[in-house]
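A.B. asks: 3D, please:
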Amino acid sequence: MIKISDKVFHLSTETTSYLFCVNEHNHLEHLYYGEHLDVLDNIDAYLERYAFELGSATSYRADTRGYMLNHVKLEASTYGKGDYRLPMLHIEGKDGIRTTDFTYKSHHIITNYTVKNMPLSRKEETLKVILYDDILDLELALYYSVFTRENIITRHAEIRNCSSDDVVLDRASSINLDLLYNKQVLTKLDGAWIREKHKNTYQLTKGTLVIDSKKGVSSADHNPAFMLQDDVGITGMILMYSGNFEATFEVTPHDLLRVTLGINHFDFRYTLSKDSTFITPEVILSYSVKDETHLANQFHQFINAYVIPKQHQKARPIIINNWEATYFDFNEKKLIAIAKKAKKLGMELLCLDDGWFGHRDDDTSSLGDWQTHPKKLKKGLGKLITKINAIGLEFGLWIEPEMISINSELYIAHPEWAIQLPDTVPSIGRNQLVLDLAQQAVQDFIIETVSELLKTYNITYIKWDHNRNLTDSYTPGDNPYAHHYLYTMGLYRIIETLTTRHQDVLFESCASGGNRADLGMMYYMPQTWTSDNTDPDERLLIQEGASLFYPLSNMSNHVASEVSHQMFRKTPLETRFNVAAFGVLGYELDVTKLTPFDEKVIAKQILFYKTYRTLFQYGYFQIIPHPKYHVWAVYNDTFDQAIVMVYQHHMTPNPRIERIKIPLLTKGSYTVETREQFFNIRAFGSLVNEALPISLKVHSWLYNTIANRYLFKANTFNVTRQSTTLKHHGLILPHEFTSTGYNDQVMPLPDYNSQLFILKKIKEIDND
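C.D. replies: Next up, the predicted model:
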């Protein structure tokens with residue numbers, strides 16, 4: 001809800017209030033962001049003013065002594081009038097003037113605000129506040145939208161050049177949020193390829209901290225999202241942008257905290273001509289007095305409702321991807337065999353990955369030549385798709401349309417389309433260059449090439465990859481010093497056009513895994529390949545980090561082979577499934593080489609996932625702290641059903657009996673039972689005869705025959721418990737194996753093993 005009274009603006013959600021005003025000097029001053037205010041005090045209750053200047057500080061004007069912008073909490077900040085903090089905007093005008101002073105001009109409410117080729121959350125009502133700078137003759141519009149139930153406020157800005165001269169934007173962030181410094185702890189996501197989105201915390205202190213990307217993509221190094229927690233509550237922000245970003249946190253000597261977030265000002269100089277405008281990316285802002293879990297799920301609910309396209313706000317298919325099964329070595333016969341077995345096991349869509357086009361037998365050629373490989377698919381892509389569909393699977397295709405191989409027909413025809421400096425040998429990554437998406441001819445080529453694929457063939461899913469960061473940044477045109485930004489805007493034009501033309505196609509964003517896992521891509525592509533690392537133990541940290549901001553419906557997770565292709569670690573099939581199930585499930589292993597044991601187990605996994613698919617993809621997700629285990633829980637929307645995962649990294653000798661507290665269930669009585677899981681008897685090694693009723697010689701023919709076929713059931717657990725017991729005392733687990741004996745009362749939970757527990761409410765009680 002947006003309330004305006006005497007130039008005081010109150011943006012309120014169910015649990016939060018955001019206040020700002022037009023102050024006595026016509027600046028837009030931030031007053032408060034936090035827990036909901038039912039009754040507003042007089043504006044003086046929020047203003048902080050000095051009677052005199054502080055030493056060498058400067059007052060705003062000669063007639064405003066003591067009003068020092070460096071000590072005012074502002075909604076929009078610039079440099080040159082006494083505010084010495086990092087500004088939201090820094091603009092250069094005629095004769096090199098770089099001082100601006102934006103003061104209030106007007107405001108109004110607009111409806112159904114959208115911008116073409118720019119990801120913005122889908123909204124109904126937006127507050128637009130217009131500020132004016134008479135030094136350079138500029139207008140600054142600040143946009144605020146309120147999402148009441150989700151407790152979300154979105155912000156972005158628009159700069160208009162009203163003068164007759166060009167101006168240059170040196171810095172154009174999306175948000176300026178000035179807060180009181182209260183020893184906030186910053187939670188951010190850091191990482192690298194195959195170890196993306198690891199959660200890190202940092203105690204903010206006096207000075208400035210910057211997290212950013214200069215890679216041309218949002219990057220796996222740092223994600224454009226963060227949380228700030230103090231002893232009162234927790235504030236979070238997500239930037240809806242896919243290129244170079246920058247977040248700054250500045251604590252002043254007088255205990256003010258300025259936060260800015262937006263496009264990275266490094267290597268960004270954007271020329272704004274007369275009567276033209278520049279729109280900054282949108283920032284998603286939320287607050288909670290509770291904890292990270294509550295704040296994260298506010299983001300999840302908002303993204304699922306207002307960012308993900310409506311036609312894809314539904315259950316997603318279970319995919320079989322051939323990459324780790326075949327890499328580049330496949331043909332039609334092999335793919336058909338994979339499809340038949342995948343269908344038998346219950347999978348729903350086959351995605352043909354890299355190597356299907358041009359003459360691509362490795363990663364040295366053919367990017368840009370999106371025609372069927374003549375030797376691998378001799379009868380053509382269409383014939384393959386027809387056969388896949390006849391088997392009963394949908395068909396998906398991997399593409400990397402932003403890239404070009406030097407060894408390609410496209411490069412021979414259009415070397416000027418690749419990003420490279422004139423007369424200079426370019427840097428190389430993965431044997432490829434990047435197409436210059438700042439050029440409209442390149443954009444049009446990609447649009448028409450991908451459109452032709454989608455019009456010609458029955459393709460319902462596209463995996464859109466991006467395996468190289470930008471180098472040799474250069475583009476001909478009017479704005480050569482803003483190339484990374486222009487590249488990103490070119491990308492948005494491409495994918496907005498494609499997703500509008502082909503609305504029923506499900507797009508999954510991939511950039512060497514999570515190298516461009518941001519809200520800008522999610523606006524167009526509802527799923528993200530969370531990481532190239534399919535090892536479940538590594539995926540714990542990756543998926544936990546991602547869940548702080550992005551919903552489970554966005555996380556694409558695959559069950560891969562027993563020995564990880566990234567970590568060389570061996571993990572059980574059931575654990576690989578249990579971790580991958582929290583999100584959008586897929587498989588990426590050679591299903592034609594499974595043992596009968598593996599086939600039976602996978603079929604049961606898929607049946608279980610289909611039963612609880614909505615819960616796994618759209619449930620309320622919680623990471624439950626535990627001293628020994630990784631514990632995840634996902635709840636339905638009424639909190640009377642949950643699935644809890646207990647994951648063990650390493651066994652402890654002679655361990656205590658563990659308890660798991662499950663805090664968010666509604667009052668009542670619950671059944672708690674384990675998902676039916678199975679061990680391969682090889683897991684017992686020479687102890688196999690302790691577990692089986694017959695005696696076997698280890699590694700004998702009979703032993704191997706039984707191991708490949710026999711489903712050894714893990715311990716079963718079925719109890720009834722009250723919600724208050726589960727919340728305060730916890731669910732007591734069966735004791736782990738301790739080497740003194742084994743029966744069905746023992747929970748075998750070796751290294752890298754896990755167990756799922758299903759909780760269902762069975763009745764209401766009055767005095768719980």
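
A.B. asks: who does Arg721 bridge with?
C.D. replies: Counting by DSSP bridges, Arg721 forms beta bridges with Tyr670.

A.B. asks: and it, how many neighbours?
C.D. replies: The burial metric for Arg721, expressed as a neighbour count using other CB atoms under 10 Å, is 18. Quick note: C-beta positions are derived from backbone N, CA and C, even for glycine.

A.B. asks: Contacts only, for it.
C.D. replies: The neighbourhood of Arg721, defined by CB atoms under 8 Å, 6 or more residues apart in numbering, consists of Ser669, Tyr670, Val672, Leu731.

A.B. asks: do that again at 7 Å, thanks
C.D. replies: Contacts for Arg721 were tallied using CB atoms under 7 Å, 6 or more residues apart in numbering; they are Tyr670, Val672, Leu731.

A.B. asks: What is the neighbour count of the first one?
C.D. replies: Applying other CB under 10 Å, we find 24 residues neighbouring Tyr670.

A.B. asks: Hmm, it is touching Phe757, no?
C.D. replies: No. Applying CB atoms under 7 Å as the test, Tyr670 and Phe757 come out as separate, 10.3 Å apart.

A.B. asks: which one of the contacts of Arg721 sits closest to Ile542?
C.D. replies: Closest approach to Ile542 among these (CB to CB): Leu731, at 26.5 Å.

A.B. asks: Report the buried residues of stretch 54-68.
C.D. replies: Residues of stretch 54-68 classed as buried under the neighbour-count rule (16 or more other CB atoms under 10 Å) are Ala57, Ser59, Tyr60, Tyr67, Met68.

A.B. asks: okay, the contacts of Arg721 in a markdown table with distance to Lys197 and pLDDT next?
C.D. replies: Putting the contacts of Arg721 into a markdown table (distance: CB to CB, whole Å; pLDDT from 0 to 100) gives the following:
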| residue | distance to Lys197 | pLDDT |
| --- | --- | --- |
| Tyr670 | 32 | 97 |
| Val672 | 31 | 97 |
| Leu731 | 29 | 97 |
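
A.B. asks: where does the protein dip in pLDDT?
C.D. replies: Per-residue confidence of the chain (counting by pLDDT under 70) places the weak regions at 763-768.

A.B. asks: can you point me to the longest strand in it?
C.D. replies: strand 167-180 (DSSP state E).

A.B. asks: if I read this right, Thr103 contacts Leu131, doesn't it?
C.D. replies: Yes. Between Thr103 and Leu131 there is a contact under CB under 7 Å: 6.1 Å.

A.B. asks: Compare those two (neighbour count), which wins?
C.D. replies: Here Thr103 and Leu131 are compared on neighbour count by other CB under 10 Å; more neighbours surround Leu131, at 25 against 16.

A.B. asks: excluding its backbone neighbours, what's nearest the more buried one?
C.D. replies: Excluding the flanking residues, the one nearest Leu131 by CB to CB, 6 or more residues apart in numbering is Phe102, at 3.8 Å.

A.B. asks: where does Ser17 fall, phi/psi-wise?
C.D. replies: Here the main-chain torsion angles of Ser17 (degrees, to the nearest 10) amount to phi -130, psi 140.

A.B. asks: And the next helix or strand past the longest helix belonging to the chain?
C.D. replies: Scanning the chain for the helix with the most residues, using DSSP state H, yields helix 483-501. Scanning forward in sequence from helix 483-501, with DSSP states H and E defining helices and strands, the next element found is strand 506-509.

A.B. asks: ok, that next one: who's next to it in the sheet?
C.D. replies: Sheet neighbours of strand 506-509, with direction, are listed as strand 461-464 (parallel), strand 527-529 (parallel) (DSSP bridges).

A.B. asks: how close does the nearest residue to Met68 once chain neighbours are set aside sit to His30?
C.D. replies: Spatial nearest neighbour of Met68, excluding adjacent residues (CB to CB, 6+ apart): Ala57 at 4.9 Å. Distance, Ala57 to His30, by CB to CB, to the nearest Å: 20 Å.

A.B. asks: Please apply the same query to Ala581.
C.D. replies: Using CB to CB, one gets 43 Å for the distance from Ala581 to His30.

A.B. asks: Go ahead and confirm Gly396 touches Tyr461.
C.D. replies: Yes. The pair Gly396 and Tyr461 qualifies as a contact (CB under 7 Å) at a distance of 3.1 Å.

A.B. asks: More neighbours: those two, which one.
C.D. replies: Remark: of Gly396 and Tyr461, Gly396 carries more neighbours, 25 against 21, as counted by other CB under 10 Å.

A.B. asks: check contacts around the more buried one.
C.D. replies: By CB under 7 Å, 6+ apart, the contact list for Gly396 reads Ile319, Leu349, Leu350, Cys351, Ile459, Thr460, Tyr461, Ile462, Lys463.

A.B. asks: pretty sure it belongs to a strand, no?
C.D. replies: Yes. The secondary structure assignment for Gly396 places it in a strand, going by DSSP: H, G, I helix; E, B strand; the rest coil.

A.B. asks: If it is in a bridge, with which residues?
C.D. replies: Listed beta-bridge partners, Gly396: Cys351, Tyr461 (assigned using DSSP bridges).
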